[in-house]
Every structure is written in C-alpha cells, then in structure tokens.
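> Below are the sequence and a predicted model for it; my questions follow.
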Amino acid sequence: MALPPHLQNLRLPLIGSPLFIISNPDLVIAQCKAGIVGSFPALNARESDGDPIQLDLWLTRIREELDRHNQANPDTPAAPYAVNQIVHRSNPRIERDIEICARHEVPIWITSLGARTDVNDAAHASGGIVLHDVINNRFAHKAIEKGADGLIAVAAGAGGHAGALSPFALVQEIRSWFDGPLYLSGAIARGDSLLAALAMGADGGYAGSAFIATEEANAQDAYKRMIVDSDASDIVYSDLFTGVWGNYLKPSIAAAGMDPETLERSDPSKMDFGGAKPKSWKEIWGSGQGIGAVEDVLPTAELVARLEREFLAAQDRLAGQLGWQRR
C-alpha cells in the first residue's frame, strides 16, 4: 500500500517522536524544516487559568513558520507536523484538544494509550491521518479496527513508554496482516538503524531520545548532558513513575533518592495523565537504549544531517556486502 501523501517525499523516513515536556514549537519547527516529521504531545501546551489556550497558540505558530519556510524554500519544503493525543480516561483535556486540532487541520495525529473511533473520525474529517502507537500485535489489531490509518510499533529499547518485544518480532507479526503505514520505535539513534527498520518491513522510524540532546529541545542542560554521557547500560525499564512500562535514565533516578535497581511495581489502575506528579519525579528522565550514539548536543538540523549521512552510508555498505548498488 502506498503511503498517505503526508508521509511521502520526506528527506528521511523518520518521525521525531513526541517527548513529554521536551517537545515544543522550537523543536518541532526545526525537525520539520530539516525534512522529518516533528511532533509534540498536546499536553505539553499548558496554560494557567485565564490565560490564552497554549495549544491554539502553538499550532498557529507552527503552521505560520512552516508556511513562511515553504514560501522561501519551494524546492525544499518542510515536512508536516504531528500532534500526540493521550487517549486515556485520566486526560481531562482530550475533548478540548481534539476540537482544537481538528480546527487547525493538524495533518498527522498520533494517538497513545487508547484507541477511540471518535478521535480517528475527527482527524479524518479535518483532513488528517492517525498513527496509533502499540506495543504488541493485539493492540495493533484493535487500533486498526477502530479506524487508525497506521501504526507505530513501540518495541524494546524505546524511550519513555515502551514495549518489551523485539523489533524483529513485533514488525513481522504486524506485517503478516497489515500493509498500511508502519513506523518502528526502539533505540533508533543512527541512520543505519533507520535503514534496518526499513529492511524489517517498516515504512520508517520513530526517534526521540537523540533529539533530547539538541539545542532546540526544552530539556535541562543536565538532562541533555546525561543523554550524551550515558549508554544502554544506564537505562532501566520500570512502570513505577506513570503506571505504564517505560525506559528511564538510572542516574536521574539515583539523583532523586531512589535505587534504580530495586524499584517497586506500580498500580496501573492509578495511572493519571491529568494531575501533577510528585516533585521528585519531575527529575526522573526518560530515555531509550540508543543513546550511546549521541556524542554531543547539536542543533536539530545537524542531527538530521548526521542521520542522513549514516543512512546513505549504510545503504552503500550494504550494497557492497550484497553485491548490488544503491539506486
């Protein structure tokens, strides 16, 4: 099946994943201008009572800046952007945010933690497509049955909320019945890893942790430096902090006064994406296992350029190994 127009003609077949707190208009705009899909969680756009609705302001700014870029650079237009909706009953803003995204005609909707037909219908009615993130084949079936257009396979090693399945297993199970848009998440921080995702049968990759260490990211300098200084051995898989299993930086957990090797299990029934987290947990930093590839804090444009060089070099290397040439 051909990809929807929104996902065609990208510089790289890559979506910058929506990062809690970190993804802001600066990062999204930089990602899109660099030629990959930029995204942010709707819940990142927060306002105090009585203030203008931030999600409205963010979407207006993103659209206007990308429009100006496209007018000035008709030969290298920006990639489209995406907004992530946490479709969970604990999200008190979901109905309002759906209406705002529909009004702004957001091109790509990424849904998480729940598949809802009405959300998909709202996206389609406003000209958008829906990609739903899943950690196993059962959830993939459910998402497509509810009307999602494509899937994000969140495999072992992904940053933040992540699954536990091998990417090989997860992609092959989904591809056995689904030929629509499929993106792979899980330790993709180099261009050759992105090429491997395509070789497995995915249409592209979904990368977040490498973008934490960019100049545009809304992350503390200490967080960015921890990404640069850490590798896969510094990641722990836990459900303690949100009630959903995810990957986190051990040094940040230790700095918050907890032992990352003896974390308790969480009660998933207490999952809450609407309230404030305990102060100490605000310093618990998520990350995927691919951060050993991150060697410095860079502008987003430079990171995407590195990924492209690695992606093309991997094609040439593989061509030599297999005896064929890259087209």
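Great, that's in hand. Numbers count the residues shown, from 1 in each chain.
> use CA for all of it now, contacts and neighbours both
Fine.
> which residues in this protein form helices?
Using DSSP state H, the helices of the chain run over residues 25-34, 54-72, 94-103, 117-125, 137-145, 167-175, 191-200, 209-212, 221-229, 250-255, 300-322.
> just those: most buried one?
Ranked by mean neighbour count, these are led by helix 209-212 with a mean of 28 (mean count of other Cα atoms under 10 Å).
> right, and the helices of the chain - which one's nearest residue 289?
Ranking these by distance to residue 289, with Cα to Cα as the measure, places helix 209-212 first at 8.5 Å.
> got the CA positions of the closest one in PDB?
What follows is helix 209-212, C-alpha atoms only, in PDB (Å, rounded to 0.1, in the frame of the first residue of the first chain):
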ATOM      1  CA  SER A 209      15.900  10.200  22.700                       C
ATOM      2  CA  ALA A 210      18.600  11.600  20.300                       C
ATOM      3  CA  PHE A 211      16.600  14.800  19.900                       C
ATOM      4  CA  ILE A 212      16.700  15.400  23.700                       C
END
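> now for that helix, which elements pack on it?
Helices and strands touching helix 209-212, by 3 or more Cα pairs under 8 Å, 6 or more residues apart in numbering; DSSP states H and E, are helix 221-229.
> so residue 143 makes contact with residue 132?
Yes. Using Cα atoms under 8 Å, residue 143 makes contact with residue 132 at a distance of 6.6 Å.
> Give the residues shared as contacts by those two.
Common neighbours of residue 143 and residue 132 are listed as 115, 151 (criterion: Cα atoms under 8 Å, 6 or more residues apart in numbering).
> Residue ranges in the stretch 151-300 of the chain under the pLDDT threshold?
Residues of the stretch 151-300 of the chain that meet the criterion pLDDT under 70 lie in 267-281.
> in it, which spans are strands?
Using DSSP state E, counting those that start in this stretch, the strands of the stretch 151-300 of the chain run over 160-161, 182-185, 204-207, 235-238, 246-249.
> For residue 151, find the nearest of those strands.
Using Cα to Cα, the strands of the stretch 151-300 of the chain put strand 182-185 closest to residue 151, at 4.9 Å.
> Who does the closest one pair with, and is each partner parallel or antiparallel?
strand 150-154 (parallel), strand 204-207 (parallel) (DSSP bridges).
> List the buried residues of the last one.
Across strand 204-207, burial judged by 16 or more other Cα atoms under 10 Å covers 204-207.
> now those in CSV, with distance to residue 48?
Listed next are the buried residues of strand 204-207 as CSV, based on distance: Cα to Cα, whole Å:
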residue, distance to residue 48
204, 37
205, 35
206, 32
207, 31
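> So residue 76 sits against residue 34, correct?
No. Proximity of residue 76 to residue 34 does not meet the contact threshold set by Cα under 8 Å, at 9.1 Å.
> ok now do residue 155, which residues does it touch?
Contacts of residue 155 by Cα under 8 Å, 6+ apart are 135, 162-167, 170, 184-186.
> So which of the residues you listed wins on neighbours?
Top of the contacts of residue 155 by neighbour number is residue 184, holding 31 neighbours under the definition other Cα atoms under 10 Å.
> What residues are bridge-paired with that one?
In this entry, residue 184 is beta-bridged to residue 153, residue 205, by DSSP bridges.
> Could you report the separation of it from residue 13?
Residue 184 sits 11 Å away from residue 13, going by Cα to Cα, to the nearest Å.
> swap in residue 209?
Counting by Cα to Cα, the gap from residue 209 to residue 13 is 17 Å.
> Repeat that for residue 44.
25 Å.
> Who has more neighbours out of these two?
residue 13 (22 against 18).
> Just list the residues touching that one, thanks.
7, 36, 194, 203-205.
> show me the contacts for the closest residue to residue 32 other than its chain neighbours.
Using Cα to Cα, 6 or more residues apart in numbering and skipping residues adjacent in sequence, the residue nearest residue 32 is residue 79, 4.6 Å away. Counting by Cα under 8 Å, 6+ apart, residue 79 touches 10, 31-38.
> Understood, closing this out.
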